[in-house]
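**Student:** Following is a predicted model, sequence given first.
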Amino acid sequence: MKPDLRFDFLVDKEKNAVTIHREFNAGRQPVWDCHTKSELLDRWFAPKPFTTETKSMEFREGGHWHFAMIDPEGKKYWSLQEYRSISPIDSYSAYDGFSDETGAPNMDMPRSTWDATFTDAPSGRTMVTTIVVYGSLADLETVLQMGMQEGLTSTLERLDELLATFG
Amino acid sequence: MKRDIFQAIADPTRRAIIVLIAGHAMTPNALADHFEVSRQAISKHIQILNECGLLDQEKAGREIHYQLKLEKMQEIDMWLEQFRKLWETRYSQLDSLLATLKEEKSHEA
């Protein structure tokens, strides 16, 4: 990440919401494309060492993105985003959650809503604001805990120690 | 039932109790004076906070004073830090992709 690109991560514990502001050194169209075309999403969405693989995508209201995050051993973790509203190239919103291989959403796992907004920033940059809202903070915790189990990032490993303190 | 700190802060009354006892130790009665709900309801909230491991107790005569374990609250921030890192990693990958796309386009032109 370039140090001068704005990145804010705000948590509203009362609304169970996380707001992420991030500036990108590119125009709105390419940034929008990277969020809404599966062949581009596959190139950045899963944090290393995971990779992203799209099974199917229909970018339209009521459509979906069904994809897997694949760990270095080849194990797949399926997710489903269902698009609620789309307003090119300004904003889109979606339900986000886990699914199975067939794309059936897993309702036992926490689901969240995503609202992504794209605006022009100075010097030809683009600001993306993503608001992720969970049903409860306990849901948010479950997701983070899963992230740890799946080893989504190596930094999550230190949470092993933390979990032990929960007893 | 296993409880954790996220259950503790899921309720607005409990969040208010946390704020009150963050500064100094208080008895259940002193806490209840700050709320419209019954003392019994406050006792229940204190019990949940205690089960979540958020409280230190100190006996002074007949009274029990409760105080917040600040280090437990910090665990919440640690959880969120992991979530922040995930987005940071993801977005720095997007930076690289956008730079690559820009280069590809300039080669085409």
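**Tutor:** Nice, I can see it.

**Student:** Show the contacting residues for A:Val18.
**Tutor:** A:9-12, A:131-132, A:140, B:80, B:83 (C-beta atoms under 8 Å, 6 or more residues apart in numbering or on different chains). C-beta coordinates here come from the backbone N, C-alpha and C atoms, glycine included.

**Student:** which residues does B:Ala16 contact?
**Tutor:** Contacts of B:Ala16 (C-beta under 8 Å, 6+ apart): B:34-35.

**Student:** next one: A:Lys55
**Tutor:** Here A:Lys55 is in contact with A:66-68, A:78, A:101, A:103 (C-beta under 8 Å, 6+ apart).

**Student:** Specify the local secondary structure of it.
**Tutor:** Following DSSP: H, G, I helix; E, B strand; the rest coil, the label given to A:Lys55 is strand.

**Student:** Which pLDDT value does the model give it?
**Tutor:** A:Lys55 carries a pLDDT value of 97.

**Student:** Of the contacts of A:Val18 - the most surrounded one?
**Tutor:** A:Leu140 (25 neighbours; other C-beta atoms under 10 Å in any protein chain shown).

**Student:** Name the SS class of the residue nearest the centre of chain A, please.
**Tutor:** The C-alpha lying nearest the average C-alpha coordinate of chain A belongs to A:Phe45 (C-alpha atoms, centre = their mean; 7.4 Å). For A:Phe45, the assignment made with three-state DSSP gives coil.

**Student:** what's the helix or strand for B:Glu36?
**Tutor:** Using DSSP states H and E, B:Glu36 falls within no helix or strand.

**Student:** Helices along chain B, start to end?
**Tutor:** In chain B, the helices defined using DSSP state H lie at B:5-8, B:12-23, B:28-32, B:39-51, B:70-108.

**Student:** which residues does B:Leu94 contact?
**Tutor:** Counting by C-beta under 8 Å, 6+ apart, B:Leu94 has contacts A:24, A:34, A:44.

**Student:** Just send the contacts of A:Val18 back as CSV, with distance to A:Asp115 too.
**Tutor:** Listed next are those as CSV, based on distance: C-beta to C-beta, whole Å:
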residue, distance to A:Asp115
A:Phe9, 16
A:Leu10, 14
A:Val11, 16
A:Asp12, 13
A:Ile131, 5
A:Val132, 8
A:Leu140, 16
B:Leu80, 19
B:Phe83, 17
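
**Student:** Could you identify the most distant pair in these?
**Tutor:** A:Ile131 and B:Leu80 (14.9 Å; C-beta to C-beta).

**Student:** follow-up on the earlier one: phi, psi for the residue nearest to the centre of chain A please.
**Tutor:** phi -70, psi -40 (degrees, to the nearest 10).

**Student:** By neighbours, which of the contacts of A:Lys55 wins?
**Tutor:** Neighbour counts for the contacts of A:Lys55 (other C-beta under 10 Å) peak at A:Phe67, which has 25 neighbours.

**Student:** Next up, the contacts around that residue.
**Tutor:** Counting by C-beta under 8 Å, 6+ apart, A:Phe67 makes contact with A:38, A:41-42, A:45, A:52-55, A:57, A:78-79.
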